[in-house]
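Fold the stuff below for me.
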Amino acid sequence: MGILAVLIVLLILLVVSACSSARSYFAKGRLAGMEEATLEIIRGINSHYEAAGQPAPDQVTKAVEAIKSFARGSSCEKSIYRYQARLWIFGDAVGAACWRKGYDACKQQMTARDDRIRVDFAIGELLHLTALAHLGFKKMMPNDRGIEMKRFGGEQQAREVARALEKLEWAVPEPQRPVEQSANRRALIGRWWPPERKIA
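A predicted model of the protein is given here:
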């Protein structure tokens, strides 16, 4: 009976040690796979966060160095958690660097050159301006007889068009800006739609 108990204890110890060994082997393999995959990811995404002629951002450099200099501890399970924490920091740093690179590239692309000016218009404002530009073009033609008549639909439309024109004029550099035209337009609107007419 004593021999049987010893054999059972030995068998249990063998199963426990085999499970522990298998778990440790699996954890080591998992950690090695994580390290290899991380190095491949670092190699692959360099071009996405690096800007031409500039060094990589400090946060990314520190995160990459922390990953590459990672030393495994005695317990592979704890090492995996520590490695994952470094990967989270690395992912956050790379995400911020990629966002910054994309933002800077978009800003550079959208910024007008020194000899250009960009103005934002709503569709309604653009329609008013194109109609006015077309009318002005026709009025400047030598054979214009003024037959085609175009009028504002009311005070509201006239004020909307005046605002669109003011926005366009404010885009002109200050020395060349036609400031008096805005006051002239407001006076024209005020004379045609005086307060007493609106009350009546």
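
quick check: domain ranges of this structure?
Following automatic domain parsing, the chain resolves into domains at 33-110, 123-199.

Of the ones you listed, which stretch is the most buried?
Counting by mean count of other C-beta atoms under 10 Å, domain 33-110 has the highest mean neighbour count of those, with a mean of 13. C-beta: built from backbone N, CA, C; applies to glycine.

show me what contacts the residue lying closest to Leu126 once chain neighbours are set aside?
Nearest non-adjacent residue to Leu126, counting by C-beta to C-beta, 6 or more residues apart in numbering: Ala164, 7.9 Å away. Ala164 makes contact with Phe121, Glu125, Leu126, His128, Leu129 under the criterion C-beta atoms under 8 Å, 6 or more residues apart in numbering.

Turn the domains of the chain into CSV, columns for distance to Ile8 and mean pLDDT.
Below are the domains of the chain laid out as CSV (distance: least, C-beta to C-beta, whole Å; pLDDT from 0 to 100):
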stretch, distance to Ile8, mean pLDDT
domain 33-110, 29, 77
domain 123-199, 85, 76
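
so which of these gets nearest Ser17?
domain 33-110 (16.1 Å; C-beta to C-beta).

how long is the closest one end to end?
43 Å (C-alpha to C-alpha, to the nearest Å).

how far is it from where the chain is centred?
Centroid separation for domain 33-110 versus its chain: 19 Å, with C-alpha atoms, centre = their mean, to the nearest Å.

Then stretch 105-123?
For stretch 105-123, the distance to the chain centre is 16 Å (C-alpha atoms, centre = their mean).

who touches it?
So stretch 105-123 is contacted by Leu129, Ala164, Lys167, Leu168, Ala171, Val172, Pro173 (C-beta under 8 Å, 6+ apart).

Counting by contacts, list what the top helix by length along the chain packs against.
Secondary structure of the chain read by DSSP state H shows that its longest helix is helix 2-49. Packing contacts for helix 2-49, counted by 3 or more C-beta pairs under 8 Å, 6 or more residues apart in numbering; DSSP states H and E, involve helix 58-68, helix 76-110.

can you redo those helices as CSV with distance to Arg23?
Shown next, in CSV, are the helices and strands packed on helix 2-49 (distance: least, C-beta to C-beta, whole Å):
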stretch, distance to Arg23
helix 58-68, 24
helix 76-110, 8
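
for those, which one sits closest to Ile12?
Closest among those, using C-beta to C-beta: helix 76-110, at 22.5 Å.

orientation of that closest one relative to helix 58-68 in degrees?
150 degrees (axes from the mean of the first three to the mean of the last three C-alpha atoms, to 10 degrees).

quick one: helix 76-110 to helix 2-49, angle?
Using the same axes, to 10 degrees: helix 76-110 against helix 2-49 is 10 degrees.

after helix 76-110, next one along is what?
helix 123-140 (DSSP states H and E).

how about JSON lines for the contacts of stretch 105-123, with secondary structure and distance to Ala27 added?
Formatted as JSON lines, the contacts of stretch 105-123 follow (DSSP: H, G, I helix; E, B strand; the rest coil; distance: C-beta to C-beta, whole Å):
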{"residue": "Leu129", "secondary structure": "helix", "distance to Ala27": "69"}
{"residue": "Ala164", "secondary structure": "helix", "distance to Ala27": "68"}
{"residue": "Lys167", "secondary structure": "helix", "distance to Ala27": "65"}
{"residue": "Leu168", "secondary structure": "helix", "distance to Ala27": "68"}
{"residue": "Ala171", "secondary structure": "coil", "distance to Ala27": "64"}
{"residue": "Val172", "secondary structure": "coil", "distance to Ala27": "69"}
{"residue": "Pro173", "secondary structure": "coil", "distance to Ala27": "68"}
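
Perfect, that will be all.
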